[in-house]
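Q: Provided below are the primary sequence and the corresponding predicted coordinates.
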Amino acid sequence: METGYFAVMNRAAGGGRCGRLADAALEKLRRGGIEVEIAESRSPGHGCELARAAYARGFRRFIAFGGDGTSYEIVNGLFPVPRRVAGEPRGEPITLAFQPLGTGNSFLRDFTDQGVEQVGHATEALLSDRSRPCDVLRLTYKRESGPEQTGLKQKGPAQTGTLHYINLLSIGYSADVAALTNRRLKGWGPVGYLLSIMIGLYRLRRPMLPLRTSAQNEFDRRAHLFLAFCNSKYTGGRMLLAPQADIDDGLVEYVRCGPIGRLKLLRNLHKLYDGTFMELPAVSRAAVSRVEFDLDGPVDVLVDGEVLHLHCLQIDVLPAALRVVV
């Protein structure tokens, strides 16, 4: 068993911010007595491969140098949990720490006060060895023909696959905006994201996205603006989308936004940043153990900063499957 941390670094994260700051952050950890082996991810999905290979070598503690996408790749390299190393004690936890040098860094926002510098907070948590349990949420999806997508695990004869996440998965308007940003306007930075919001308003769809939670007997076939299935509170860096989410309650925080007109949505977008969006009559939430979908085919899915095109089947929870250093 390896006793130190294995770090996956994405130097391109944050528009190159990670590349500029990572070496100094790494040196600070090492001066503080943190033993770190580091590897750089070079392409989409490479972080999954690096984490999986490090686990096979005996590492159980990991650091994400980057943003939410880097953490997502590490998580999907480690879940489903690979076979144990010979002689490994039972119950050895997988631990994930952060050096938030990317764009969003939404997950860590749950644990830092407004205005607190996140890298400093994350470094102090590492040096203090401060961690807590964290649920891992699992999406099961139907395999479609075509190229495989980043971080996805396939299951063979059942023709299903899985992905795992610790922050948020959403479909509908929020995923449409993220898809446009990632595919067309990512190089524009915050201006590109704002432009995507405006284009999304112009193209606004209110699709039926049939689902049934563990608290429902029938599928909900109403139209939606967006649906979000959260483990933590924040998304998009500072958007407080799920104020009541708790990372270790063993539940999915389900946020539903029904149909809202363009002008009303535009007038209320600012409420996403202080949690008061939840007060709108069209918005509701529930804490559930499972969500089943009855979709006709694949949809765009925003998951921990990544945009995928998937035929969703079910979301469930792996309770306290991970420890996070926060």
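A: Great, that's in hand. Numbers count the residues shown, from 1 in each chain.
Q: Name the surrounding residues that touch stretch 187-195.
A: Under the contact criterion Cβ atoms under 8 Å, 6 or more residues apart in numbering, stretch 187-195 has outside partners Gly15, Val177, Thr181, Arg184, Leu185, Lys186, Gly236. No exception for glycine: its C-beta is placed from N, CA and C like everyone else's.
Q: where's the fourth one relative to Ala287, distance?
A: So the one you mean is Arg184. With distances taken as Cβ to Cβ, to the nearest Å, Arg184 is found 35 Å from Ala287.
Q: where along the stretch 101-250 of the chain do the helices fall?
A: 106-109, 118-127, 173-180, 190-202 (DSSP state H, counting those that start in this stretch).
Q: Next, the contact list for the residue nearest to Glu218 when sequence neighbours are not counted, please.
A: Nearest non-adjacent residue to Glu218, counting by Cβ to Cβ, 6 or more residues apart in numbering: Arg212, 6.7 Å away. The contact partners of Arg212, taken as Cβ under 8 Å, 6+ apart, are Glu218, Phe219, Asp220, Val291, Glu292, Asp294.
Q: likewise Arg11?
A: By Cβ under 8 Å, 6+ apart, Arg11 lies in contact with Cys18, Gly19, Ala22, Glu40.
Q: In helices only, show me the residues you listed.
A: Cys18, Gly19, Ala22 (DSSP state H).
Q: and the last one, how many residues sit next to it?
A: Put plainly, it is Ala22. Residues contacting Ala22 under the criterion other Cβ atoms under 10 Å number 21.
Q: Surely it is in contact with Pro100?
A: No - look at Ala22 against Pro100 with Cβ atoms under 8 Å: they stay out of range, at 11.2 Å.
Q: Could you pull out the residues contacting both of the two?
A: Counting by Cβ under 8 Å, 6+ apart, no residue touches both Ala22 and Pro100.
Q: about what we covered before: please name whichever of the contacts of stretch 187-195 scores lowest on pLDDT.
A: By pLDDT, Lys186 ranks lowest within these, coming in at 71.
Q: sorry, back to before: and the helices of the stretch 101-250 of the chain, which is most packed in?
A: Of those, the one with the most neighbours on average (mean count of other Cβ atoms under 10 Å) is helix 106-109, at a mean of 26.
Q: So what touches that helix?
A: Counting by Cβ under 8 Å, 6+ apart, 68, 71, 98, 100, 118, 121-122, 166-168, 232-239, 304-305, 324, 326 sit against helix 106-109.
Q: rewinding a little: so which of the contacts of Arg11 comes closest to Val317?
A: Val317 lies nearest to Cys18 out of the contacts of Arg11, by Cβ to Cβ, at 30.1 Å.
Q: What distance do you get for the closest one to Asn105?
A: If you measure Cys18 against Asn105 using Cβ to Cβ, the figure is 11 Å.
Q: one step back: got a winner among the contacts of stretch 187-195 for most neighbours?
A: Using other Cβ under 10 Å as the neighbour test, the contacts of stretch 187-195 are led by Val177, with 26 neighbours.
Q: follow-up on the earlier one: higher neighbour count, Cys18 and Asn105?
A: A direct count of neighbours by other Cβ under 10 Å for Cys18 and Asn105 places Asn105 higher, at 28 against 24.
Q: Cross-check the contact I'm expecting between that one and Glu117.
A: No - at 11.2 Å, Asn105 does not count as touching Glu117 under the criterion of Cβ under 8 Å.
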